[in-house]
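J.: got a predicted model here, sequence first, then my questions.
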Amino acid sequence: MRIVLASASPSRRMILTNAGVDPLIRPADVDEDALLASLSHATPARRVAALAEAKALSVAGEFPDDVVIGGDSMLLLDGRLQGKPHTPEKTVERWGEQAGKAAELLTGHCVILGDRKVVETTSTTVHFADASEADIAAYARSGEPLQCAGAFTLEALGGWFIDRIEGDPSSVIGLSLPLVRRALYSFGLDASHFWTR
């Protein structure tokens, strides 16, 4: 039995690898914009969970005997969900909105084994530094935050600009190990079963 990660996220892969797991990577093909549009009246937590669930379900049929994990993250800032900025210009704009503020990073998770499924969203409060314009421009040019929810990372260059978090650090990086552990336990599995070292 393996862990299959329905994501191309290098951060999610890194979390599992650092936790002793060698996941099989099968990125999901999901129309995120269409799904979010269909859930426009749902709560932010439900919308993020739905993205994770859609990703896991799109891959799970190929791996009925393995644990499939789907995940997605978005930043809830001033009542609005923020996804990936994709461009340096949008990154600078986002940081202009969030510098010096606190926001909730919502990370949706879906863990599937056969016909059993755990769907849950974690919420971690992120306190953004009042970073200088020069630093944010340099950070945007680095390319690192372009494919990251909320236009930041915790584990790399972005760590310079996060004053503190309240909640699960692994969830902020992209995948909550405590949540995955609880899901595995609910399936009657131990986390250590998946360790390769």
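T.: That came through fine. Residues are numbered from 1 along each chain as shown.

J.: show me what contacts Ser171?
T.: Taking Cβ atoms under 8 Å, 6 or more residues apart in numbering, we find Ser171 in contact with 105, 107, 122, 124, 179. (Glycine included, C-beta is placed from N, CA and C.)

J.: count of neighbours near the fourth one?
T.: What that stands for is Thr124. 20 (other Cβ atoms under 10 Å).

J.: and the helix or strand hosting it, which strands flank it?
T.: Counting by DSSP states H and E, the element that carries Thr124 is strand 116-128. Paired neighbours of strand 116-128 in the sheet (DSSP bridges): strand 102-113 (antiparallel), strand 162-166 (antiparallel).

J.: include mean neighbour count, distance to Ala149 and mean pLDDT when you put these into CSV, please.
T.: Formatted as CSV, the strands paired with strand 116-128 follow (neighbours: other Cβ atoms under 10 Å; distance: least, Cβ to Cβ, whole Å; pLDDT from 0 to 100):
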stretch, mean neighbour count, distance to Ala149, mean pLDDT
strand 102-113, 24, 7, 97
strand 162-166, 13, 13, 97
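
J.: turn those strands into TSV, including distance to Phe152.
T.: Shown next, in TSV, are these (distance: least, Cβ to Cβ, whole Å):
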stretch	distance to Phe152
strand 102-113	9
strand 162-166	7
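
J.: of those strands, which is nearest Asp130?
T.: strand 162-166 (8.7 Å; Cβ to Cβ).

J.: return that closest one as CSV; C-alpha atoms alone will do.
T.: Presented in CSV, the C-alpha positions along strand 162-166 are these (Å, rounded to 0.1, in the frame of the first residue of the first chain):
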residue,chain,number,x,y,z
ILE,A,162,6.2,36.0,8.2
ASP,A,163,6.3,37.3,11.8
ARG,A,164,4.4,34.3,13.3
ILE,A,165,1.7,31.8,12.8
GLU,A,166,-1.0,30.4,15.0
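
J.: could you give me the average pLDDT of the longest helix along the chain?
T.: The helix that spans the most residues within the chain, counting by DSSP state H, is helix 44-60. If you average the pLDDT over helix 44-60, you get 97.

J.: ok, the residue nearest in space to the middle of the chain - contacts?
T.: Central residue of the chain (Cα atoms, centre = their mean): Gly174, 3.2 Å from the mean position. By Cβ under 8 Å, 6+ apart, Gly174 lies in contact with 7, 9, 11-12, 15, 71, 73, 107.
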